[in-house]
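[1] coords below, sequence missing:
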């Protein structure tokens, strides 16, 4: 995994992941939607995880 800091104000970064790491990220995002997230963050976390999972699905689709 590589993390490139693009900007510090506002914070912006680029992740470069291997295929295996993409799989791990997918699993972590699926799990993140079920963790004990404070109520005020639940919609934002769910939407973020959902959008990223959709993009990962297209990336790794056969």
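    Thanks, I have the structure now. Predicted, not measured: the structure shown is a model, and the values here were computed from it.
[2] mind listing what's buried in the top helix by length along the chain?
    Looking across the chain with DSSP state H, the single longest helix is helix 42-60. For helix 42-60, burial by neighbour count (16 or more other Cβ atoms under 10 Å) applies to 49, 56. (Each C-beta comes from the backbone N, C-alpha and C, glycine too.)
[3] who's in contact with that helix?
    With contact meaning Cβ atoms under 8 Å, 6 or more residues apart in numbering, helix 42-60 is reached by 19, 22-23, 25-26, 29-30, 32-33, 37.
[4] CSV please, covering those and showing distance to residue 53, secondary structure and pLDDT.
    Putting these into CSV (distance: Cβ to Cβ, whole Å; DSSP: H, G, I helix; E, B strand; the rest coil; pLDDT from 0 to 100) gives the following:
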residue, distance to residue 53, secondary structure, pLDDT
19, 16, helix, 88
22, 11, helix, 89
23, 12, helix, 88
25, 9, helix, 88
26, 6, helix, 86
29, 5, helix, 83
30, 7, helix, 81
32, 10, helix, 70
33, 9, coil, 68
37, 16, coil, 79
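[5] quick one: low-confidence parts of this protein?
    33-34, 60-62 (pLDDT under 70).
[6] can you do 90?
    1, 3, 11, 19, 22-62 (pLDDT under 90).
[7] quick one, which of the contacts of helix 42-60 are buried?
    Looking at these with 16+ other Cβ under 10 Å, the buried ones turn out to be 25-26, 29.
[8] pick the one among those residues closest to residue 6.
    For these, the residue nearest residue 6 by Cβ to Cβ is residue 25; the value is 18.9 Å.
[9] so who does the closest one touch?
    17, 52, 56.
[10] contacts only, for the closest residue to the first one other than its chain neighbours.
    Going back to what we said before, that points to residue 17. Closest residue in space to residue 17, ignoring its immediate chain neighbours: residue 1 at 5.7 Å, by Cβ to Cβ, 6 or more residues apart in numbering. Neighbouring residues of residue 1 by Cβ under 8 Å, 6+ apart: 15-18, 21.
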